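Trainee: Predicted model, plus sequence, below.
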Amino acid sequence: MAASNEYDFLFKILMIGDSGCGKSSLLLRWADHEFKSEFICTIGVDFKIRTMDLEGKIAKLQIWDTAGQERFKTITNSYYHGAQGVMIVFDLTSHDSFEHVSAWLSEVQRHSPKTVRVMLCGNKSDLASRREVTVEEAVEFADRHGLHYIETSAKLDHNVHSAFTKMATTLREQRILIES
Ligand code: GDP
Ligand code: MG
């Protein structure tokens, strides 16, 4: 068995987006296969690590959670430092959280190099009757900004692993491009 420190790629990925949209829940679901219905209080900088198999190579994903700082919009340079991927999350039941995505995107552009890969994630797809953001408007926004769009439910474990796998695959393809 491979030792846990053996890997082919190491990727730093950030979760950003309005408070309450489900960033910590997505991370918890992805890393620990759990879901908690109460608000997950993140204090300080928090990250989770998991390795995944990417076509026979081991990718180690270090995923950082915004630790509640999203309320203060004071995410610092060190948080962004070295991050190759950013997942911007909004809540499908909150049009406000979707409207704030462009501000989050500006934040990424301010702190990260142009090579950073950004994905857009509409979370809480299980709450269909409370949906305030249509697939069409989210896809239109994502296309306009060159982002990959995915809808997830941390609660039902829908598309959560696909989202992180897509991010890892994209980063791996970019690494291959850089190295070739
Ligand atoms: P964060 O502030 O972005 O980290 O959001 P949290 O992960 O703390 O989630 C905020 C609230 O939304 C909590 O009450 C979660 O249980 C709830 N939540 C998160 N993801 C989902 C989801 O996919 N579906 C539903 N129904 N609730 C969710
Ligand atoms: Mg949180």
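Mentor: Great, that's in hand. Numbers count the residues shown, from 1 in each chain. Ligands and ions are numbered 1, 2, ... in the order given.
Trainee: Thr66 and Gly20, how far apart?
Mentor: Here the criterion is C-beta to C-beta, to the nearest Å. By it, Thr66 lies 12 Å from Gly20. Using the backbone N, CA and C atoms, a C-beta is placed for each residue, glycine as well.
Trainee: let me redo that: His111
Mentor: On the measure of C-beta to C-beta, His111 and Gly20 end up 22 Å apart.
Trainee: do Val101 as well
Mentor: Val101 is 14 Å from Gly20, by C-beta to C-beta.
Trainee: Those two: which has the busier surroundings?
Mentor: Using other C-beta atoms under 10 Å as the criterion, Val101 and Gly20 rank with Val101 on top: 25 against 15.
Trainee: Could the C-alpha coordinates of the helix or strand of the chain with the lowest mean pLDDT be exported in PDB?
Mentor: Every helix and strand of the chain was ranked by mean pLDDT, DSSP states H and E. The lowest is helix 77-80, at a mean of 79. In PDB, the C-alpha atoms belonging to helix 77-80 read as follows (Å, rounded to 0.1, in the frame of the first residue of the first chain):
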ATOM      1  CA  ASN A  77      -3.500  37.000   0.200                       C
ATOM      2  CA  SER A  78      -2.100  34.100   2.200                       C
ATOM      3  CA  TYR A  79      -5.500  32.300   1.700                       C
ATOM      4  CA  TYR A  80      -5.200  32.600  -2.000                       C
END
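Trainee: buried set for it?
Mentor: Tyr79, Tyr80 (16 or more other C-beta atoms under 10 Å).
Trainee: Give the next helix or strand downstream of it.
Mentor: Sequence-wise, the next helix or strand downstream of helix 77-80 (DSSP states H and E) is strand 85-91.
Trainee: helices or strands next to that following strand in the packing?
Mentor: If contacts are counted by 3 or more C-beta pairs under 8 Å, 6 or more residues apart in numbering; DSSP states H and E, strand 85-91 sits against strand 9-16, helix 23-32, helix 95-99, helix 101-111, strand 117-123, helix 160-179.
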